[in-house]
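[1] sequence-free structure coming up:
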């Protein structure tokens, strides 16, 4: 079926079970009959015992009693919340149980598309690969062992970019205040030498971390910052080739920047074990030495390791960008990082960290996985989206409209779902009734040429089988130019929100350019079960920035979204009504534009601009 020229409404007919009007009566009759038989048997046994003048044996009484009693299982106690865990995610609810015998329909079976898969270790192709230390990433509550937002959208499910609760002064959340601004004047020439990279673009999310004091004592943090109780540090990798460090409270620098010498377009990651390691991916080939990924020590800012993405065996061997934000499995000391060259990399880090001496090192061993279908050219198989991981299943979008489920322990593709258009979103995972579901949306990109109006598709997919649960769409504008440099894509560009608290029944997507080219944006909240719209919020200005959900301790949800004109909107998560907004401006009096995604820690939101400013916005 050709989806590209259709505006899709959800078909939820299968959610309406049929009812037989006699079925209730039949169930009642059967139930009463069973009860009658059981009671008659018990009374007969008692009568027979008394009639024969015998004393009831305690064990017999127990047997009779046990026959009619219903035992109640003792509930497993919920572990208390650790001080480093995100209370928004508490308590853990995901069982993360994968049924390997789940039936994969032919429509999403990779073998039906003639898949070829290779696992490469060094220069050797490995057959029948089996991971020595199996990966099994569980509920996202347990992803981190240090407080903060440590990767794009927070964890292995990619389901939150906020840490901690909002604490409103008077019980109401209704105010946004511009508290601080950090500005730098750096830029970096692009690889085609036609423009200068500045600031932060998608995904461009800051990292926020609260370091323990014993670790701070070993770091190259300025003494004034190190002496501050509960120092919470913002770490922001920029397109100008630097990584910046600032105090969450006031935006002052906490240490010297790290010079990467290459543009970073995506979001970096911190080691979730609390180790002083920073993982950074290059977005443009504008470093004369390396085009790939880097691991830095946050003890002294030194480069510990780099890997060149220009692999000879890659299908896109001329483009080694690591735009995605990696996932680290601390239990197995493994780094998972998809690359735009079409290879999914797994690094056995061999980390050595001595907290007492304040030393850290890595000695990575690289394994690569690549795939191709009979109906696909290799140049389309790069990965820009950040992978989500559920157990040993890894979910990601490639540049050829494929949503992929990959078994990380065997490096065998489980299923592949073709979306109706291109997408760079990171799949979001939510376990519901023991089954993982994937939420994903698409851009309007490949449906025509020039300027046109098309459908941005939105899906809920069964994460075990690849089966489509529901699909819907919104109408968006786009422009496909003669080169990718002139494209202006509408549709789903920012990542969706999986609702929690009082919006736990919702999933919220952002659609860009709903009113025209570079005009309009719509937030839409859908019922997670049916895909039907619950509310929408329309904005005059488009945005590529991802919305973020924040919560008070009593579960009230608030949605924050920034637009390309420098406005930040605060929206009621239950109703979609705007509470307030703020027009952000720089100290220089210049207008600003947001394309990067924000992160929130407590009451403070941090977001960067395309020009290079970083703002701290307080939510009250």
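    Noted; the coordinates are in hand. Since the model is a prediction, treat every value here as computed from it, not as a measurement. Numbers count the residues shown, from 1 in each chain.

[2] only C-alpha atoms for contact and neighbour calcs from this point on.
    Noted.

[3] show me the contacts for residue 439.
    Neighbouring residues of residue 439 by C-alpha atoms under 8 Å, 6 or more residues apart in numbering: 427, 428, 429, 458, 459, 460, 461, 496.

[4] ignore what I typed, I meant residue 417.
    With C-alpha under 8 Å, 6+ apart, residue 417 has these contacts: 107, 108, 402, 403, 404, 466.

[5] low pLDDT regions in the stretch 301-450 of the chain?
    Nowhere does the stretch 301-450 of the chain drop to pLDDT under 70.

[6] my bad, should have said the chain
    For the chain, the ranges with pLDDT under 70 are 1-73.

[7] where do the helices of it begin and end?
    Per DSSP state H, the chain carries helices over the ranges 23-51, 58-68, 213-216, 223-226.

[8] now, the contacts of residue 417 that are in strands?
    Assigned to strands by DSSP state E, the following of the contacts of residue 417 qualify: 402, 403, 404.

[9] tell me the one among those nearest to residue 277.
    residue 404 (28.6 Å; C-alpha to C-alpha).

[10] looking at the ones in strands among the contacts of residue 417, which is nearest residue 616?
    For the ones in strands among the contacts of residue 417, the nearest to residue 616 is residue 403 (35.0 Å; C-alpha to C-alpha).

[11] can you name the residues that contact the residue lying closest to the closest one once chain neighbours are set aside?
    Using C-alpha to C-alpha, 6 or more residues apart in numbering and skipping residues adjacent in sequence, the residue nearest residue 403 is residue 397, 4.6 Å away. Applying C-alpha under 8 Å, 6+ apart to residue 397 gives the contacts 383, 384, 385, 387, 403, 404, 423, 424, 425, 426, 427.

[12] what is the burial count for the fourth one?
    Translated: residue 387. 29 (other C-alpha atoms under 10 Å).

[13] how close does it sit to residue 153?
    11 Å (C-alpha to C-alpha, to the nearest Å).

[14] might you report the residue contacts of the spatially closest residue to residue 172 that is not a sequence neighbour?
    Spatial nearest neighbour of residue 172, excluding adjacent residues (C-alpha to C-alpha, 6+ apart): residue 620 at 7.4 Å. Residues in contact with residue 620 (C-alpha under 8 Å, 6+ apart) are 166, 167, 168, 169, 172, 173, 174, 175, 176, 177, 603.

[15] okay, and the beta partners of residue 428?
    Here residue 428 sits in beta bridges with residue 439, as judged by DSSP bridges.

[16] go on, residue 395?
    residue 388, residue 405.

[17] mind listing what it touches?
    387, 388, 389, 403, 404, 405, 406, 427.

[18] assess the claim that residue 293 and residue 284 are in contact.
    No: the criterion here is C-alpha atoms under 8 Å, and residue 293 misses it with residue 284 at 11.3 Å.

[19] how many residues are close by residue 468?
    Neighbours of residue 468 (other C-alpha under 10 Å): 15.

[20] so what's the residue nearest to it when sequence neighbours are not counted bridging to?
    Nearest residue to residue 468 in three dimensions, chain neighbours excluded: residue 461, at 4.6 Å (C-alpha to C-alpha, 6+ apart). Beta-bridge pairing for residue 461 (DSSP bridges): residue 438, residue 468.

[21] against residue 517, how distant is residue 461?
    Distance from residue 461 to residue 517, by C-alpha to C-alpha: 30 Å.

[22] filter the contacts of residue 620 down to the buried ones.
    166, 167, 173, 174, 176, 177, 603 (16 or more other C-alpha atoms under 10 Å).

[23] in strands only, show me these.
    Using DSSP E, the buried ones among the contacts of residue 620 in strands are 176, 177.

[24] of the buried ones among the contacts of residue 620, closest to residue 307?
    residue 603 (37.3 Å).

[25] ok, the closest one touching residue 163?
    No: the pair residue 603 / residue 163 is not scored as a contact, 9.3 Å apart, by C-alpha under 8 Å.

[26] contacting residues around residue 461?
    Taking C-alpha under 8 Å, 6+ apart, one finds 437, 438, 439, 467, 468, 469, 470 in contact with residue 461.

[27] so how do I select the buried members of the residues you listed in PyMOL?
    PyMOL command restricting the contacts of residue 461 to the buried ones, with burial defined by 16+ other C-alpha under 10 Å:
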select buried, resi 437+438+439+467+469+470
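
[28] residue 408 touches residue 135, doesn't it?
    Yes: counting by C-alpha under 8 Å, residue 408 sits close enough to residue 135 to count as a contact (7.0 Å).

[29] which neighbours do these two have in common?
    residue 392.

[30] what about residue 591, how many neighbours?
    Counted with other C-alpha under 10 Å, residue 591 comes out at 14.

[31] gap between the residue nearest to it when sequence neighbours are not counted and residue 547?
    Nearest non-adjacent residue to residue 591, counting by C-alpha to C-alpha, 6+ apart: residue 585, 5.4 Å away. As judged by C-alpha to C-alpha, residue 585 and residue 547 stand 20 Å apart.

[32] who's more crowded, the two?
    Just comparing residue 585 and residue 547: by other C-alpha under 10 Å the higher neighbour count belongs to residue 547, 25 against 18.

[33] which phi and psi does the spatially most central residue of the chain have?
    Nearest to the geometric centre of the chain sits residue 158, at 1.5 Å (C-alpha atoms, centre = their mean). Main-chain dihedrals, residue 158, degrees, to the nearest 10: phi 60, psi 50.

[34] name the nearest residue to it, ignoring sequence neighbours.
    residue 428 (5.4 Å).

[35] likewise residue 459?
    Nearest non-adjacent residue to residue 459, counting by C-alpha to C-alpha, 6+ apart: residue 471, 4.6 Å away.

[36] quick one, what contacts the residue nearest to residue 591?
    Shown in contact with residue 585 (C-alpha under 8 Å, 6+ apart): 566, 591, 592.
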